[in-house]
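In: here you go, sequence then predicted model.
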Amino acid sequence: MKSLSIFILAAISALTLSGCMTVNSFKTTYQPMAIQSNLEDVVYLREGQQPSIEVTTNIKNDVYNKVSNGFVLLGYSSFNAPLQSISNVVEQAVSLGATHVLTQSDYTNTEISTHLKKVSDKVTLIKSEQVNSKFHVDSNYGPLENNSSCNRCGDQGVEQLTSSATAYVTRTVPYTVTNRRYDQKAYYFVKSTQKHRFGFKFTDLPLDAAIELERNTGALVSLIYKRSPAFYAGIIPNDIIVRVNQTNIADSQHLLDILSAYPANSKQCVITILRNNREIVISLAI
């Protein structure tokens, strides 16, 4: 993962993006992951502060690392289109109050389309005619009167008049437009100041795991917070919690109820996990 300052990213985007985008797809495709009004103990972007933008090539892995380091995922944007400016990411982050953003762009294909446009060509029209030099009326150019003999035409009183006019001829011509398209993603975060007593997140046992293990009970560990009791005790993602102290765990809601009601003065929690079809007993110092 490469971290760049916002000023460098803005310069890069100015070189890679031709023209001015009228639609900010990072804004129009945004999907919230958290109800911001319900969030507590988080630090939002301050007025005048710029969000930290991190460009990644493995956004799934880096989102996990961000959350495990105490960041709260507000939501994400995802779309396929010609490459948009990093300034569009910043605009959306500022509107959310996000302090950190992970973004990734992967080239997918090039679209070539043919269109028609009208062009105008400038042409000069020449008009030439012989007239009587004594008196001539031309409806296009107005009256012409000359009572003297014509030096160019002799005594016959006939001379050659030449005039020109400018006109524009419109024609339709084809032209080709080439657009390189990218899968573009951005994930928006704020920093949490919450202390995690146990230090892990969990979910219900997925169907494929239940079938493989031939069991319905337990809760799957989905995330471990860095420098938490679970982190130091060695619990890892995909462990299955089957028991807390002497209580067998039915599902994720059951586990949540037990941990939420855990005595505040207790300094230890014994958790039994299932890893590689083997039960392991782990003691958490909380």
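Out: Structure's in. What do you need? Numbers count the residues shown, from 1 in each chain.

In: looking at this structure, which strand is longest?
Out: Counting residues, the longest strand found in the chain (DSSP state E) is strand 158-192.

In: what packs against that one?
Out: Judged by 3 or more C-beta pairs under 8 Å, 6 or more residues apart in numbering; DSSP states H and E, strand 158-192 is in contact with helix 25-28, strand 42-43, helix 59-68, strand 71-82, helix 86-96, strand 100-132. In short, each C-beta sits where N, CA and C put it, glycine included.

In: go with 10 Å
Out: When contacts are defined as 3 or more C-beta pairs under 10 Å, 6 or more residues apart in numbering; DSSP states H and E, strand 158-192 packs onto helix 25-28, strand 42-43, strand 52-55, helix 59-68, strand 71-82, helix 86-96, strand 100-132, strand 135-138.

In: for stretch 39-50, C-alpha coordinates in PDB please.
Out: The C-alpha atoms that make up stretch 39-50 are tabulated as PDB, following Å, rounded to 0.1, in the frame of the first residue of the first chain:
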ATOM      1  CA  LEU A  39     -21.600   6.500  15.900                       C
ATOM      2  CA  GLU A  40     -19.900   7.400  19.200                       C
ATOM      3  CA  ASP A  41     -16.300   7.900  20.200                       C
ATOM      4  CA  VAL A  42     -15.100   8.700  16.700                       C
ATOM      5  CA  VAL A  43     -13.000  11.500  15.300                       C
ATOM      6  CA  TYR A  44     -14.300  13.300  12.200                       C
ATOM      7  CA  LEU A  45     -12.500  15.500   9.800                       C
ATOM      8  CA  ARG A  46     -12.100  19.000  11.200                       C
ATOM      9  CA  GLU A  47     -12.900  22.100   9.200                       C
ATOM     10  CA  GLY A  48     -10.000  23.100   6.900                       C
ATOM     11  CA  GLN A  49      -8.300  19.700   7.400                       C
ATOM     12  CA  GLN A  50      -7.500  17.500   4.400                       C
END
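
In: hmm, who's touching it?
Out: Stretch 39-50 has contacts (C-beta atoms under 10 Å, 6 or more residues apart in numbering) with 5-7, 34, 36, 51-52, 70-72, 74, 90, 93-100, 188-195.

In: mind doing that once more with 7 Å?
Out: Here stretch 39-50 makes contact (C-beta atoms under 7 Å, 6 or more residues apart in numbering) with 6, 51, 72, 94, 97-99, 190-194.

In: the residues you listed into JSON lines, with extra columns for neighbour count?
Out: Listed next are those as JSON lines, based on neighbours: other C-beta atoms under 10 Å:
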{"residue": "6", "neighbour count": "17"}
{"residue": "51", "neighbour count": "21"}
{"residue": "72", "neighbour count": "20"}
{"residue": "94", "neighbour count": "14"}
{"residue": "97", "neighbour count": "18"}
{"residue": "98", "neighbour count": "26"}
{"residue": "99", "neighbour count": "21"}
{"residue": "190", "neighbour count": "21"}
{"residue": "191", "neighbour count": "16"}
{"residue": "192", "neighbour count": "18"}
{"residue": "193", "neighbour count": "9"}
{"residue": "194", "neighbour count": "12"}
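
In: which among those gets closest to residue 174?
Out: The nearest member of the contacts of stretch 39-50 to residue 174, counting by C-beta to C-beta, is residue 6 at 41.1 Å.

In: about what we covered before: nearest to residue 203 among the contacts of stretch 39-50?
Out: Once C-beta to C-beta is applied, the member of the contacts of stretch 39-50 that ends up nearest residue 203 is residue 72, at 17.2 Å.

In: and the pLDDT for the closest one?
Out: Looking at residue 72, its pLDDT is 95.

In: can I assume it is in contact with residue 188?
Out: No: the criterion here is C-beta atoms under 7 Å, and residue 72 misses it with residue 188 at 9.7 Å.

In: re the thing from before, nearest to residue 178, out of the helices and strands packed on strand 158-192?
Out: strand 100-132 (5.4 Å).

In: remind me what that closest one packs against, helices and strands.
Out: Applying 3 or more C-beta pairs under 7 Å, 6 or more residues apart in numbering; DSSP states H and E, one finds that strand 100-132 contacts strand 52-55, helix 59-68, helix 86-96, strand 158-192.

In: next, the angle from it to helix 86-96.
Out: Put simply, strand 100-132 runs at 130 degrees to helix 86-96, going by axes from the mean of the first three to the mean of the last three C-alpha atoms, to 10 degrees.
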